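Visitor: Curious how this folds, go ahead:
(chains A and B)
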Amino acid sequence: MSDASLNTTAQAAPAEGEAGFGDYFALLKPRVMTLVVFTAFVGLVSAPGGLHPVEAFAAILFIAIGGGASGALNMWWDADIDAVMKRTRKRPIPAGVISGSEAFGFGMALAGFSVVMLWLATNWVAAALLAFTIFFYVVIYSMWLKRWTPQNIVIGGAAGAFPPMIGWAAVTGTVSLESALMFALIFMWTPPHFWALALFMRSDYDDAGVPMLTVTHGRRATRAHILAYTLLLAALAVGTGFTAVGGPVYLAVALVLNALFLKGAWEIWRRSEEMAEADNYKVEKSVFKLSLYYLFAHFGAIALEAALAPFGLGGW
Amino acid sequence: MALSRQHDLHKRRFSRNLGLGLVLAGFVGLIFGLTVVKVSTDEFTKPLLQENN
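Guide: So this is what the prediction gives:
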């Protein structure tokens, strides 16, 4: 369980202890950060009222830095797992470019900095939500759930679901039903998204000993879980279309994408492992890819509804 | 023995220094912009000390 065992691998790597700027940037998990930035932005623009563009930019930036800080702290804690998995082997710590303790200091400093700066730039509610998000991702998900329960993705998904809520709070200073719906959308989307990935990245999680559902309950159960969560997600996503953050554009997008996502989940459920291996997990890969478009399109539609509102076109 | 100027270590160190410099410059600019915005809003009240001067 300790990360110390793997840090020896990092120290033995042929790096010269001089990481470049890009290595530190990689610690922030830039890909995850794009999702954080985008969803926080949507939460911010869809909130009633508004912020000055400079304040809005600062809010998004500090939310992104907070997300990056939790990424760095996650990499510090999970360095042993990262070194085993093909997908994460080249990250700065397992590659030996940055030491674990350096990543820890970097992450902690950025975490404190982002929370304080978000407070100063906006309000304490947004800052408190950001602090809780970092805590949740690092302590609840990375340190506790990830190696302990196959429900790690389900509960841990909450960490990735907070950014739109923080963006909303940055404007309003409160938490509301609308921001909770945006939170729920990402929360319910995360399990089918990650389990589709786990199905075709099969040896990675097995090798690392992470109790993913595929490892603990088997692939048949994972396929059934994907379908069940997609059904719940579809109901939530379409239902959101009838609320204050929804509207005709959002509803049209939700109907089309949820039909596609449900079709994909149904196909995943129907397939046996032999069928999946025969075509190199074609369906699982396409559903995973679709899930990325799914989330961006839903939040894009919410942002569009908000953008159309001043012209009397957005919303109901 | 001195390291060659072309050594990769220098490149990485330069990239780090340049990157950090740009980040700091951007941060100064952002704080300046935020300050201007904050003091320009109607909600901003001047500190009492200044009123007395």
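Visitor: from chain A, which residue is nearest to chain B?
Guide: Among the residues of chain A, A:Phe21 lies nearest to chain B; the distance is 3.1 Å by Cβ to the nearest Cβ. To be clear about C-beta, it is placed using only N, CA and C from the backbone, and glycine gets the same treatment.
Visitor: Not counting sequence-adjacent ones, nearest residue to that residue?
Guide: Among residues not flanking A:Phe21 along the chain, B:Gly19 sits closest, at 3.1 Å (Cβ to Cβ, 6 or more residues apart in numbering or on different chains).
Visitor: still on that earlier bit, for the residue of chain A closest to chain B, give its distance to B:Arg13.
Guide: A:Phe21 sits 10 Å away from B:Arg13, going by Cβ to Cβ, to the nearest Å.
Visitor: about what we covered before: how many other residues sit next to the residue nearest to A:Phe21?
Guide: 15 (other Cβ atoms under 10 Å in any protein chain shown).
Visitor: before we move on, which element is it in?
Guide: B:Gly19 is part of helix B:8-40, with elements assigned from DSSP states H and E.
Visitor: what distance separates that helix from the middle of the whole chain?
Guide: Computed by Cα atoms, centre = their mean, to the nearest Å, the chain-centroid distance of helix B:8-40 equals 4 Å.
Visitor: same for that helix, what does it pack against?
Guide: Judged by 3 or more Cβ pairs under 8 Å, 6 or more residues apart in numbering or on different chains; DSSP states H and E, the packing partners of helix B:8-40 are helix A:21-27, helix A:53-77.
Visitor: Give the rounded mean pLDDT of the helix or strand that comes right after the longest one.
Guide: Spelled out, that is helix A:53-77. Counting by DSSP H and E, the next helix or strand C-terminal to helix A:53-77 is helix A:79-84. Helix A:79-84 shows an average pLDDT of 90 in the prediction.
Visitor: ok now helix A:79-84, how far from the chain's centre?
Guide: The chain centre lies 20 Å from the centre of helix A:79-84; the measure is Cα atoms, centre = their mean.
Visitor: Then stretch A:288-295?
Guide: What separates the centre of stretch A:288-295 from the centre of its chain is 12 Å, taken as Cα atoms, centre = their mean.
Visitor: Between A:Phe21 and B:Arg13, point out the one with more neighbours.
Guide: Taking other Cβ under 10 Å, A:Phe21 and B:Arg13 do not tie; A:Phe21 has more neighbours (19 against 15).
Visitor: wait, doesn't that one sit right on B:Phe14?
Guide: No - the criterion here is Cβ atoms under 8 Å, and A:Phe21 misses it with B:Phe14 at 9.2 Å.
Visitor: Check the burial of B:Val38 by counting its neighbours.
Guide: Just so we're on the same page, residue B:38 is Lys rather than Val. B:Lys38 has 15 neighbours, counted by other Cβ under 10 Å.
Visitor: what do you get for the one 3 residues further on?
Guide: When counting by other Cβ under 10 Å, one arrives at 9 neighbours for B:Thr41.
Visitor: how near is it to chain A?
Guide: 8 Å (Cβ to the nearest Cβ, to the nearest Å).
Visitor: Single out the residue in chain B that lies closest to chain A.
Guide: For chain B and chain A, the shortest gap (Cβ to the nearest Cβ) falls at B:Gly19, measuring 3.1 Å.
Visitor: which parts of the stretch 51-200 of chain A sit against chain B?
Guide: A:52, A:54-55, A:57-58, A:61, A:120-121 (Cβ under 8 Å from any Cβ of the partner chain).
Visitor: So, low pLDDT: which residues of the stretch 1-150 of chain A?
Guide: Judged by pLDDT under 70, the stretch 1-150 of chain A has its weakly predicted residues at A:1-17.
Visitor: swap that for chain B, sorry
Guide: For chain B, applying pLDDT under 70 flags the ranges B:1-6, B:49-53.
Visitor: just to revisit the earlier point, highest average neighbour count across the helices and strands packed on helix B:8-40?
Guide: Among those, ranked by average contacts under mean count of other Cβ atoms under 10 Å in any protein chain shown, first place goes to helix A:53-77 (a mean of 24).
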